[in-house]
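Colleague: sequence and predicted model, in that order:
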Amino acid sequence: MNANWYKTIDPELIEHGARLVAQSRRLVVLTGAGVSAESGIPTFREASTGLWARYDPQQLATVEGFLENPKLVWEWYSYRRTLVAGASPNPGHRALARLEQILPSLVVITQNIDGLHRRAGSSRIIELHGNINRVKCFRGDEIYENWSDEDYKGEVPPRCSKCNSFLRPDVVWFGESLPEREIGEAFYNTENCDLMLVVGTSGQVQPAASLPAAARHKGAKILEINPQPSGISFLADILLQAKSGDILPVLTEKAEKLKELEGREGTPE
């Protein structure tokens, strides 16, 4: 954590952001790879080092690549599951979980597949790109929750117990559509929120990148948290240029105090 980050941000912007959070009745948080990076989880391309550097993403994260070499693709995701298992939720994840206790209507929409929001304590989560800790049948709808490579010693990839097809990671590969239910819930919550926190996302990956514009179109305020301006910064009412692990705990603490003050002022004597 950078102890001097606060010196680069106008304190009034932080106070304004905290007031927006405290006053929100329907808060939606959109998170991206920057939040996971603060827990030490490399992005897809950053993880393509060493043994994996010689492989093209099309070989590792497409239906065609899986059909051509299912064992290779399974082992790639097994390696990445190991990276995720060794990571822990960071202060940003934990602050969002705490914020849900203060604002029970809060919904987290995440592009991340690592499951760290749930491990931190958040419960209302929409995973747009799936979850690397789940696997599913390649041909059917069977889902296997909390898959453990350590406990499995059989054929690679494993096969579905119902239809004998290969299992695959329950993540969205290049060329695949996002899951219909999740993207529907994401847009529903976005279009009905009064404030969207956009945290650690580049604003380049569609359709997630269109969510802040949809929120803004419906009248919501946009509060962005990112060390650098992103593709959606032009939409933001407030841009706090800091790491989420630094600024989210501060915003949450300030919002909680404002909510407590609001409660005391609303209590009859």
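Modeller: Cool, got the structure.

Colleague: burial count for residue 42?
Modeller: Residues within reach of residue 42, counting by other C-beta atoms under 10 Å, total 15. For glycine as for every other residue, the C-beta is placed from the backbone atoms N, C-alpha and C.

Colleague: pretty sure it is touching residue 83, no?
Modeller: Yes. Look at residue 42 against residue 83 with C-beta atoms under 8 Å: they come within range, at 6.8 Å.

Colleague: show me the shaky parts of the stretch 151-269 of the chain.
Modeller: 263-269 (pLDDT under 70).

Colleague: and the helices in it, which stretches?
Modeller: Along the stretch 151-269 of the chain, counting by DSSP state H, counting those that start in this stretch, helices occupy 180-191, 211-217, 244-265.

Colleague: for the protein, which residue occupies the most central location?
Modeller: residue 110 (2.8 Å; C-alpha atoms, centre = their mean).

Colleague: residue 128 is in contact with that residue, correct?
Modeller: Yes. In this structure, residue 110 is within contact of residue 128 by C-beta under 8 Å, at 6.7 Å.

Colleague: for stretch 256-265, buried residues please.
Modeller: 256, 258 (16 or more other C-beta atoms under 10 Å).

Colleague: also stretch 189-196?
Modeller: Buried-residue list, stretch 189-196, by 16+ other C-beta under 10 Å: 189-190, 193-196.

Colleague: mind putting the helices of the stretch 151-269 of the chain in JSON lines, distance to residue 70 included?
Modeller: Formatted as JSON lines, those follow (distance: least, C-beta to C-beta, whole Å):
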{"stretch": "helix 180-191", "distance to residue 70": "25"}
{"stretch": "helix 211-217", "distance to residue 70": "33"}
{"stretch": "helix 244-265", "distance to residue 70": "36"}
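
Colleague: which one of those helices lies closest to residue 200?
Modeller: When those are compared by C-beta to C-beta, helix 244-265 sits nearest residue 200, at 5.2 Å.
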